[in-house]
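J.: need a structure here:
(2 chains)
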There are 2 protein chains.
Amino acid sequence: MEFRIEAQDTRCEARAGVLVTAHGAVETPAFVAVATRGTVKALSVDDLREIGVQILIGNTYHLLLRPGPEVVAELGGLHRFSSWDGPWMTDSGGFQVFSLGAGMEHGVGKIASIFPGEEAPRPKGESIVRVDEEGAWVKSLLDGSWIRFTPEEVIRWERLFGADIILPLDECTSPFHDRDYTERAMERTHRWAERALRAFAETEGLGPNPKQALFGIVQGGAYEGLRRRSARYIGSLDFSGFAIGGSLGKSKEDMYRVLEWTIPELPPEKPRHLLGIGTVEDIVEAVKRGIDTFDCAAPTRMARNGALLCAEEEGFRLHIKAARYKKDERPIEEDCDCPTCRRYSRAFLHHLFRSGELSYFRLATIHNLRFMVRLMERIRAAIRAGSPLEIENLIG
Amino acid sequence: MEFRIEAQDTRCEARAGVLVTAHGAVETPAFVAVATRGTVKALSVDDLREIGVQILIGNTYHLLLRPGPEVVAELGGLHRFSSWDGPWMTDSGGFQVFSLGAGMEHGVGKIASIFPGEEAPRPKGESIVRVDEEGAWVKSLLDGSWIRFTPEEVIRWERLFGADIILPLDECTSPFHDRDYTERAMERTHRWAERALRAFAETEGLGPNPKQALFGIVQGGAYEGLRRRSARYIGSLDFSGFAIGGSLGKSKEDMYRVLEWTIPELPPEKPRHLLGIGTVEDIVEAVKRGIDTFDCAAPTRMARNGALLCAEEEGFRLHIKAARYKKDERPIEEDCDCPTCRRYSRAFLHHLFRSGELSYFRLATIHNLRFMVRLMERIRAAIRAGSPLEIENLIG
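T.: Model prediction:
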């Protein structure tokens, strides 16, 4: 894998470049579309090509449950199986160690959203994860059996899936873990990272893709000392790039600070991925702090829930269910070039959404993903042109 | 509306021709894709164009509930609202008078399926329909309110929707209605047909489409005398074409007999539509008996339920859920030219279906509809070439 930085913003840490994988190049900064089970929900690979998506990320936990790494390998790997022959990433299942574990008990995601007057959110359910030094036990959502995740097994599974960029098993901590627990989890993640690197070397040649690259994951929660230590340590290991994982604090400001502590400690010549983040504001702020790639389920999930990305609306979201769109003949966005906006009115999308029609989900997803792709195109162009990275210049 | 018969099979009643509507020509025999609420479930209009669909049928009952005829008219009619600017038909809601009424009480569809040893199927639920001379009261599935359907109101709604071919309110009878009830319902349907014709004349100029055509509907159940009387009577009225509705008996043989009684009584120069029928065998047999167009939800519904049309499988159905497809790298059909078969394996479709992925529904629907479109293409070519209409020559 090769990473070329071709332009560097002089006012901030933003850079534009090209990440060359075994299955094609990705212009960065880039949005990685989430294809948890091997498909972006509601779309086909022809849809993805048409709207300019460059790279997908699958999920080891979900693909392990179904159809399983052996089946995927036997069918030629993720690229051939899914028909997406462009670049693939796979997440390690580390996020599920969190979301089905502490995230469940603490009732939180990567960034806590706390309402005024609340100490902490309510639990969402019982943890179905047990972490120990060797790895993690995680319950199958399909049949309730306990599955053993270890750094070595995860690498073996990802070898069989054959994505171009793979991630090692890590333990994401919650915004409600204290410094002590966060530190212990971080140190364990560091030991897992070394084990993953060894396993990666020992499995060379396994699976359908001989040119995989392994990225390291930085942890440390929203604690400056821990983040700096983790970035320095992980950054010193022989990874092809780095991902920033785990808790990003209790607010957007916390998240930006985490990036400001982490990124200066990482080797500048290697690519940096921010896991699971993807609102318009967050992407722009993270690019300014030196992030090259992002993945996030929010744009596609929002689409399915009726929130369509729209530059002119508050929070950049148009809620298509609202009665005011019943007779609105305009496209979602006047200047959008996506197949949905070229063809359909808000009124018809409102009707499809209210009627629960399956065609809605695809049309909405196409628009939201195209919105993200265009945002990234404009971010890259701005960096290369030396124009300021201000939201007003980047969308609409 | 113009209908040109361009070829006539000499061994049977099959004919090939062109039905010219205000929004384009339809080569017949043709399959009309079902777009109940203004969209073929899971597809976009670009998908429909790509697979060669010629004409759609919407449903007055469902479009009345949402978004309503006034809204559709204000948005320029069904063509503009839905972005499908090719030919449209609308059914009258007469089928819902049956399916939510007697069909519910008798537990049947258009053709009864009775298991050996059974006298009659069990009820599916309580009727939410009351039929009287003036029309029918039908409960809204949205809010439980009673809606008044009359021949005049239905024509007014269909004027506002603006489809190219519209159907009058009729009362479909059940295969379990006796001769006496079937006769009374048929005579009422005849009176409704005359009222619909008057209402159609009186509403000229209403709505977005000044060139609508009204088809008459033949009833009479599976009783020879009634079917012949109904066909002669409806055939004598000033309709632009005819549809065959209502009960088609208790077996495929009953259905073929109904066609053999009905079609010779209809004016040969006008188009004939068979409502709600659409298996491969039934279409071929009905074409042989002189049917020009068909609509049926089965191919698209089957797709969503995992039954993919495949010439080589029993009943022409491949059940994609079956474990034997888990590692099957072939497309659904080797020689199919649809976007799904060109791109995806049975193994991946099996995975998508088992995972409940939204993208499955579209890919499966594309294949099944393309299968129907190709079947009709081959039927037309066979009629024009004078080759025999045998299933073996028409698919695979």
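J.: use CA for all of it now, contacts and neighbours both
T.: Will do.
J.: Give the full set of residues in contact with A:Leu274.
T.: Applying C-alpha atoms under 8 Å, 6 or more residues apart in numbering or on different chains to A:Leu274 gives the contacts A:243-245, A:291-295.
J.: And these, which two are furthest apart?
T.: A:Gly245 and A:Asp292 (14.2 Å; C-alpha to C-alpha).
J.: higher neighbour count, the two?
T.: Taking neighbours as other C-alpha atoms under 10 Å in any protein chain shown, A:Gly245 and A:Asp292 compare with A:Asp292 leading, 27 against 24.
J.: measure A:Ser230 to chain B for me?
T.: Using C-alpha to the nearest C-alpha, to the nearest Å, we find A:Ser230 at a distance of 37 Å from chain B.
J.: my read is that residue is in a helix, agree?
T.: Yes - assessed by DSSP: H, G, I helix; E, B strand; the rest coil, A:Ser230 belongs to a helix.
J.: number of nearby residues for it?
T.: Neighbour count for A:Ser230, taken as other C-alpha under 10 Å: 26.
J.: likewise A:Arg301?
T.: As a burial measure, A:Arg301 scores 17 neighbours (other C-alpha under 10 Å).
J.: what's the distance between it and chain B?
T.: In terms of C-alpha to the nearest C-alpha, A:Arg301 sits 12 Å off from chain B.
J.: Mind telling me what element that residue is part of?
T.: helix A:298-304 (DSSP states H and E).
J.: any residues touching that helix, and which ones?
T.: So helix A:298-304 is contacted by A:41, A:278-279, A:308-309, A:360-361, A:364-365, A:368-369, A:372 (C-alpha under 8 Å, 6+ apart).
J.: Identify each buried residue in that helix, please.
T.: A:298-304 (16 or more other C-alpha atoms under 10 Å in any protein chain shown).
J.: Check stretch A:66-82 too.
T.: The neighbour-count check on stretch A:66-82 (16+ other C-alpha under 10 Å) flags A:66-69, A:71-73, A:75-82 as buried.
J.: do stretch A:217-229 as well
T.: Buried residues in stretch A:217-229 (16+ other C-alpha under 10 Å): A:217-224, A:226-229.
J.: Touching that stretch from outside, list them.
T.: A:167-168, A:170-175, A:179, A:182-183, A:186, A:189, A:193, A:230-231, A:234, A:242-249, A:254-255, A:258, A:261-262, A:265.
J.: What are the contacting residues of stretch A:249-260?
T.: Contacts of stretch A:249-260 (C-alpha under 8 Å, 6+ apart): A:110-114, A:175, A:221-224, A:227, A:248, A:282, A:285-286, A:289.
J.: Oops, could you answer that again for stretch A:329-339 instead?
T.: A:51, A:308, A:310-311, A:318, A:340-347, A:363, A:366-367, A:370-371, A:396, B:75.
J.: what residues does the stretch 51-200 of chain A put near chain B?
T.: Contact residues, the stretch 51-200 of chain A versus chain B (C-alpha under 8 Å from any C-alpha of the partner chain): A:66-67, A:71, A:74-75, A:81-83.
J.: mind putting those in TSV, distance to B:Gln8 included?
T.: Formatted as TSV, those follow (distance: C-alpha to C-alpha, whole Å):
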residue	distance to B:Gln8
A:Arg66	53
A:Pro67	52
A:Val71	52
A:Glu74	52
A:Leu75	49
A:Phe81	47
A:Ser82	46
A:Ser83	45
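J.: Which ones among these lie within helices?
T.: The helices, defined by DSSP state H, take in A:71, A:74, A:81-82 from these.
J.: quick check, nearest of these to A:Leu352?
T.: Nearest member of these to A:Leu352, counting by C-alpha to C-alpha, is A:Ser82, at 27.8 Å.
J.: The closest one touches A:Gly38, doesn't it?
T.: Yes - here A:Ser82 reaches A:Gly38: they are 6.0 Å apart, a contact under C-alpha atoms under 8 Å.
J.: A:Pro331: neighbour count?
T.: 18.
J.: pretty sure A:Val138 belongs to a helix, no?
T.: No - applying three-state DSSP, one finds A:Val138 to be strand, outside a helix.
J.: Spatially nearest residue to the spatially most central residue of chain A, not counting backbone neighbours?
T.: For chain A, A:Asp295 is the residue whose C-alpha lies nearest the centre (C-alpha atoms, centre = their mean; 2.3 Å). Spatial nearest neighbour of A:Asp295, excluding adjacent residues (C-alpha to C-alpha, 6 or more residues apart in numbering or on different chains): A:Val32 at 4.6 Å.
J.: likewise A:Pro29?
T.: Spatially, and ignoring its direct neighbours in sequence, A:Pro29 is nearest to A:Asp292 (4.4 Å; C-alpha to C-alpha, 6+ apart).
J.: Can you check what pLDDT the model gives that neighbour?
T.: As predicted, A:Asp292 sits at a pLDDT of 98.
J.: ditto for A:Val258
T.: Checking the pLDDT column for A:Val258, the value is 97.
J.: ok, A:Arg384 to chain B distance?
T.: 36 Å.
J.: so that residue is in which element?
T.: helix A:358-385.
J.: Pull out the buried positions in that helix.
T.: Result for helix A:358-385 [16+ other C-alpha under 10 Å]: buried residues A:358-384.
J.: hang on, the earlier thing: quick one, phi psi at the residue nearest to the centre of chain A?
T.: Main-chain torsions, A:Asp295, degrees, to the nearest 10: phi -130, psi 150.
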